[in-house]
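Asks: whatever this is, show me its structure:
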Amino acid sequence: MNTKPASERIRLDKWLWAARFFKTRALSAEAIDKGRVSINGQPAKASREPRVGDVMELSREQERRTIVVRALSAVRGPASAAALLYEETAESIAQRLAAAEQRRLAPEPALTQTMGRPTKRDRRDLKAWGDRWSASLDEE
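Replies: Sure, this is the predicted structure:
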């Protein structure tokens, strides 16, 4: 049985929402259920109570973060207050910046497609404007 008073207990999904990692509490609970959140290397449950000092790994879309819990809060406040609830590790920041740079330098995915419907630019290139058929040219 938990010995903490009910006022000090906080669920993981609520903490992730309060720390502004997810826009709604339902989205944070869904990410936890899908296994995208782990605490101290173990898969987490939405009802788990985070503790100060826990190392948390979060996966969202294409980014992966490793954070250390610094404070607990069940209230969603401004972003400046939410940033005080956690600290991102230096390795995580470096990986995130490297991944962002790699995405920036990557070629446009649409340009790699060779099949499918041509784009408007492709259609213009296929049909040269000087070779257009015109009724006025046939009346000579």
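Asks: mind listing the helices for the chain?
Replies: 12-18, 25-33, 79-82, 90-105, 120-126, 135-138 (DSSP state H).
Asks: quick one, which of the ones you listed gets closest to Asp54.
Replies: helix 12-18 (9.5 Å; CB to CB). No exception for glycine: its C-beta is placed from N, CA and C like everyone else's.
Asks: what packs against the closest one?
Replies: helix 25-33, strand 37-39 (3 or more CB pairs under 8 Å, 6 or more residues apart in numbering; DSSP states H and E).
Asks: got these as TSV, with mean neighbour count and mean pLDDT columns?
Replies: As requested, the helices and strands packed on helix 12-18 are exported to TSV (neighbours: other CB atoms under 10 Å; pLDDT from 0 to 100):
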stretch	mean neighbour count	mean pLDDT
helix 25-33	18	94
strand 37-39	20	95
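Asks: and those as CSV, adding distance to Glu108?
Replies: Listed next are the helices and strands packed on helix 12-18 as CSV, based on distance: least, CB to CB, whole Å:
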stretch, distance to Glu108
helix 25-33, 29
strand 37-39, 32
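Asks: so for Arg121, which of the ones you listed sits nearest?
Replies: helix 25-33 (37.6 Å).
Asks: so what touches the closest one?
Replies: Outside helix 25-33, the residues that touch it by CB atoms under 8 Å, 6 or more residues apart in numbering are 12-14, 16-17, 21-22, 37, 44-46, 58-60.
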